[in-house]
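1. Please find the sequence and the predicted model below.
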Amino acid sequence: QVQLVESGGGLVQAGGSLRLSCAASGSIFSINVMGWYRQAPGKQRELVALITSSGSTNYADSLKGRFTISRDNAKNTVYLQMNSLTPEDTAVYYCTADVELVGGPPGRYDYWGQGTQVTVSS
């Protein structure tokens with residue numbers, strides 16, 4: 001019904017930058033919240049940042065100032081600009097969206113992408 005496809009991950013040196021993108025497609029009537037989570041090896045998945053359709057944002061405290069989330073509502077796409085990367089940012093980054101479906105059952109449903117690997121070398 002809904003697919004989220006992430007792109008932009010890769011290998012970068014410490015201090016570098018990456019920009020992740022996530023495009024949602026399918027039977028989408030509206031999307032309220034889109035965002036990013038990450039999961040490092042041996043650790044639990046954690047919040048990176050969220051953004052509402054009106055542009056309100058929420059960041060993990062430890063990432064404020066280095067990461068910026070943005071969104072293009074017309075394209076159902078969310079972005080994550082990551083600056084001053086450190087090896088501790090190495091993780092699989094997952095996109096999520098809170099979707100109301102076209103002709104679907106009432107309510108909103110959470111969808112997740114497959115994840116994109118970000119590796120930061122020291």
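-> Here it is on my side, so go on.
2. can we go C-alpha only for contacts and neighbour counts from here?
-> Will do.
3. Can you give me the neighbour number for residue 35?
-> 27 (other Cα atoms under 10 Å).
4. and if you look at residue 42?
-> Residue 42 has 6 nearby residues by other Cα under 10 Å.
5. before we move on, what about residue 121?
-> Neighbour tally, residue 121, other Cα under 10 Å: 16.
6. now residue 39
-> Neighbour tally, residue 39, other Cα under 10 Å: 19.
7. can you check residue 71 too?
-> 21.
8. who's the residue nearest the centre of the chain bridged to?
-> Taking Cα atoms, centre = their mean, the centroid of the chain lies closest to residue 36, which sits 2.7 Å from it. Going by DSSP bridges, residue 36 is paired in beta bridges with residue 49, residue 95.
9. avg pLDDT for the helix or strand where residue 110 lies?
-> Assigned by DSSP states H and E, residue 110 belongs to strand 109-112. pLDDT averaged over strand 109-112 equals 96, rounded to a whole number.
10. Identify each of the strands in the chain and give its residue range.
-> Taking DSSP state E as the test, the strands found in the chain are 2-7, 10-13, 18-26, 28-39, 46-51, 57-59, 67-72, 77-82, 91-101, 109-112, 116-121.
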